[in-house]
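[1] here's a sequence, model it:
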Amino acid sequence: MRTSGNSGAAQDAALPSLVMRRGPEPLPSLTLPPGVRLRVFEEGWGPAAWEHVVNTAFGRDFTFDGKMRAEPAYRPERILFLEQGGAPCGHRHVSSCIVAVAAAWQRDKWPPGTGYLHYVAVLPEARGNGLGYWVSLAALHQMRREGNSRALLETQDERLPAIKTYLKLGFVPDLEGHESYKARWEEIMAQLNGGHP
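    Below is the predicted model:
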């Protein structure tokens, strides 16, 4: 739950998303675990696979067209999936084997040369295997191919496993973007460190 110096659900709900940034340091190589395959969006199966993973992971009812295709940043090569399975996961039924998704997005409000890590999601039954790390890293590599030397993302306070993954990928908390950030990040880091600041 988001916290601040003030109490009240309305005030908590008004807090902005947390921001994390990654500089131009080299990216780790993208060497996927055995049995995991990287796929780029394809029209035949992509929308249904994206909706299944994102809506299951977040408990929402988003449509691909409304959240992704409608944005100016939309390009198929920016939407990346991880497929996990084997022989039963043929092309005709690929959406049933997709377990993770991330997008290498662009947002005009961020400085030029900055990619935006967007809609990272992993199916609940596939969590705990590092797939969020790998699909996010694939998106970071796509950003670099497009000439973005830096990256950022927005997340929520309660997404501790995701934040831990982003830290492992070299993202650092933005402490300056909002007056609430410093205290919120201190609390998150204490939780990640087992209650110790």
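[2] domain ranges for this structure?
    Residue ranges for the domains of the chain, per automatic domain parsing: 1-20+172-197, 34-156.
[3] and among these, the most buried is which?
    domain 34-156 (a mean of 17; mean count of other CB atoms under 10 Å). C-beta: built from backbone N, CA, C; applies to glycine.
[4] endpoints of that one, how far apart?
    In domain 34-156, first residue to last residue: 31 Å (CA to CA, to the nearest Å).
[5] for stretch 49-67, same thing?
    14 Å.
[6] give me the residues contacting the helix ranked longest in the chain.
    As assigned by DSSP state H, the longest helix anywhere in the chain is helix 131-145. Contacts to helix 131-145, defined as CB atoms under 8 Å, 6 or more residues apart in numbering, come from residues 22, 27-28, 30, 32-33, 36, 38, 77-78, 80-82, 84, 99-104, 115, 117-118, 120, 122, 151, 161-162, 165-166, 168-169.
[7] what segments of the chain are strands?
    Ranges of strands in the chain, per DSSP state E, are 18-22, 36-40, 79-84, 98-105, 114-122, 150-155, 172-173.
[8] and the helices in this protein, which stretches?
    Counting by DSSP H, the helices of the chain are 9-14, 46-58, 64, 131-145, 160-168, 181-192.
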